[in-house]
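> Sequence first, then the predicted structure:
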Amino acid sequence: MTECLFCRIVSGEIPAEVVATSEHALAFRDINPTAPTHVLVIPTRHVVDIPTLAQAPTELADLVALGARVAASEGLDDGYRLVANTGRAGGQVVFHAHLHVIGGRRMGWPPG
Ligand code: 5GP
Ligand code: ZN
């Protein structure tokens, strides 16, 4: 049995509110949303981070496209934030690659 939290969500062992799927990716709501829309988009295959996923360009493109599809279905027509926290110092806590799709409020910079 895998100890990876997101692999356990992919397998259905841990429940999540799935909002969309694609050939290589799964999108579900973040358990601790930081904005009205906060969805995580993950590859169904275990890969530690987004740069590693870039070794499989088809899967990376599928992931980003699913993020865009989720943003559209959530009505984020004015824009949204796509975030890939990478490594501990980058704020990554779950070491299964994921994009955060965050929107529904005005995003400032630096992030907050
Ligand atoms: P990271 O900091 O690794 O980029 O983001 C991990 C995200 O996973 C966090 O925003 C956190 O709220 C979310 N998260 C952690 N555990 C769970 C869970 O069990 N279910 C869901 N849906 N999200 C989770
Ligand atoms: Zn995993």
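That came through fine. This one's a predicted model, so the numbers in the text were calculated from it and none came from an experiment. Ligands and ions are numbered 1, 2, ... in the order given.
> low pLDDT regions in this protein?
Scanning the chain for pLDDT under 70 picks out the ranges 1, 112.
> residues from it in reach of ligand 2?
When proximity is defined by Cβ under 5 Å from the ion, the chain lies next to ligand 2 at Cys4, Phe6, Cys7, His46, His96. C-beta here means a position set from N, CA and C on the backbone, and glycine is covered the same way.
> Now the buried members of those residues.
Phe6, Cys7, His96 (16 or more other Cβ atoms under 10 Å).
> could those be laid out in CSV, adding distance to Ser73?
Shown next, in CSV, are these (distance: Cβ to Cβ, whole Å):
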residue, distance to Ser73
Phe6, 21
Cys7, 25
His96, 23
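> Now, these that are in helices?
Counted as lying in helices by DSSP state H, out of these, are Phe6, Cys7.
> For ligand 1, tell me which of the buried ones among the residues of the chain next to ligand 2 show up nearby.
The subset of these within reach of ligand 1, by Cβ under 6 Å from any ligand atom, is empty.
> so what's Cys7 up against?
Counting by Cβ atoms under 8 Å, 6 or more residues apart in numbering, Cys7 touches His46, His96.
> That should have said Arg29, apologies.
Applying Cβ under 8 Å, 6+ apart, the residues near Arg29 are Ala16, Glu17, Val19, His38, Val39, Leu40.
> Now for these: which two are most distant?
Using Cβ to Cβ, the contacts of Arg29 reach their maximum pairwise distance at Ala16 and His38, which is 12.7 Å.
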